[in-house]
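Colleague: Kindly return the folded structure for what I paste below:
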Amino acid sequence: MYNTPAPRYETAVAIKQLATDLNLPNERWMQDWAYIVSNPQHIDTYISHYTKLSNDDQKFTLMMLILQALEEQNTQINKYKSEVRELLQHEYPLHAYTIFHWCSFDNEDLNDCWRITPMMREIFISMNTLKESD
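Modeller: Sure, this is the predicted structure:
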């Protein structure tokens with residue numbers, strides 16, 4: 001159906017810097033660091049910090065925190081969706097692999113996916129349609 005974007009992963013250096021900047025824990029056992037330390041109540045802080053970054057590795061890693069925080073929003077998910085969507089679309093090549101992951105294309109039932117999966121699929125499909133028409 002869709003080609004999987006080239007894999008990209010967090011770097012230890014980016015995690016260390018973000019942990020320092022955002023006062024987050026960073027322990028060796030935290031294999032899925034971004035998902036473990038992300039706090040939905042701090043999404044404003046994450047987004048604000050993201051807009052100040054120029055380092056792609058840090059942006060990539062911080063976006064993982066932002067997406068997890070968005071996914072875990074109880075009542076404020078719609079408040080942040082458009083802002084996060086804009087960040088992802090603006091820097092699509094940087095986040096293509098992460099977006100693809102959250103698309104969950106292996107599951108056709110959107111009711112059995114993450115809450116942000118429909119948004120991620122829209123972004124992925126629209127960005128890939130644009131690419132094909134160029």
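Colleague: tell me the mean pLDDT over stretch 37-48?
Modeller: The average pLDDT for stretch 37-48 rounds to 97.
Colleague: Between the two ends of that stretch, how far is it?
Modeller: 17 Å (CA to CA, to the nearest Å).
Colleague: Buried residues, that stretch. List them.
Modeller: Buried residues in stretch 37-48, counted by 16 or more other CB atoms under 10 Å: 37-38, 40, 42-43, 45-47. To be clear about C-beta, it is placed using only N, CA and C from the backbone, and glycine gets the same treatment.
Colleague: show me where pLDDT drops low in this protein?
Modeller: 1, 130-134 (pLDDT under 70).
Colleague: Which strands or helices does the one helix or strand residue 126 maps to pack on?
Modeller: Element membership for residue 126, per DSSP states H and E: helix 117-133. Secondary-structure packing of helix 117-133 (3 or more CB pairs under 8 Å, 6 or more residues apart in numbering; DSSP states H and E): helix 77-90, helix 92-103.
Colleague: deepest of the ones you listed, which one?
Modeller: Sort the helices and strands packed on helix 117-133 by mean neighbour count, taking mean count of other CB atoms under 10 Å, and helix 92-103 sits at the top with a mean of 20.
Colleague: got the CA positions of that helix in PDB?
Modeller: Output in PDB follows, covering the C-alpha atoms of helix 92-103 (Å, rounded to 0.1, in the frame of the first residue of the first chain):
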ATOM      1  CA  TYR A  92       7.400  16.100   7.300                       C
ATOM      2  CA  PRO A  93      10.700  14.600   6.100                       C
ATOM      3  CA  LEU A  94      12.100  14.700   9.600                       C
ATOM      4  CA  HIS A  95       9.100  13.000  11.200                       C
ATOM      5  CA  ALA A  96       7.900  10.700   8.300                       C
ATOM      6  CA  TYR A  97       9.000   7.500  10.100                       C
ATOM      7  CA  THR A  98       7.300   8.500  13.300                       C
ATOM      8  CA  ILE A  99       4.100   9.500  11.500                       C
ATOM      9  CA  PHE A 100       4.100   6.100   9.700                       C
ATOM     10  CA  HIS A 101       4.500   4.300  13.000                       C
ATOM     11  CA  TRP A 102       1.500   6.000  14.500                       C
ATOM     12  CA  CYS A 103      -0.600   5.300  11.300                       C
END
